[in-house]
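S.K.: How does the following fold in three dimensions:
(one chain, ligands or ions: 1)
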Amino acid sequence: MKLQQCTTCNKQFTWKQILKSLFLGNQPMKCENCGTVYRISNSSKYISVFFILGLAFILLLIELPTNIRFSILLFAYVIFLLIFPFIATYNRQKK
Ligand SMILES: [Zn+2]
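M.R.: Below is the predicted model of the structure:
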């Protein structure tokens, strides 16, 4: 797994940078080196929504005590946040 690189200057984005843009509601991400602005791709956006809603839905269907359900959900989201920067793709924003 590899983090995405800037297509202009080939500088690799940091995990923190991608996560930050994700937390700020998929804010555009700017390359620290050359200033090119990137937006998360639609497919990555769908993957994240699908994962979060899908998981919540599955957990609703399974009979589990609420606290265990909540722990699984929390754990899965942490895992998801750890791996998402590696699977997310960003497109260069058109000027
Ligand atoms: Zn760059």
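S.K.: which secondary structure element contains the residue most central in space within the chain?
M.R.: The chain has F84 as the residue nearest its centroid, 4.2 Å off, counting by CA atoms, centre = their mean. Assigned by DSSP states H and E, F84 falls within helix 66-87.
S.K.: Look up how far L22 lies from I40.
M.R.: Note on I40: its distance to L22, by CB to CB, to the nearest Å, is 8 Å. In short, each C-beta sits where N, CA and C put it, glycine included.
S.K.: residues shared between the contacts of those two?
M.R.: A88 (CB atoms under 8 Å, 6 or more residues apart in numbering).
S.K.: Tell me which residues are up against the helix holding F84.
M.R.: Outside helix 66-87, the residues within contact range by CB under 8 Å, 6+ apart are 1-3, 13, 15, 18-19, 22, 44, 47-48, 51-52, 55-56, 59, 62, 64.
S.K.: Go again with 6 Å.
M.R.: Contact partners of helix 66-87, identified using CB atoms under 6 Å, 6 or more residues apart in numbering, comprise M1, W15, I18, L19, F51, L55, L59.
S.K.: Which members of those occur in helices, if any?
M.R.: Those of these mapping onto helices are W15, I18, L19, F51, L55, L59, per DSSP state H.
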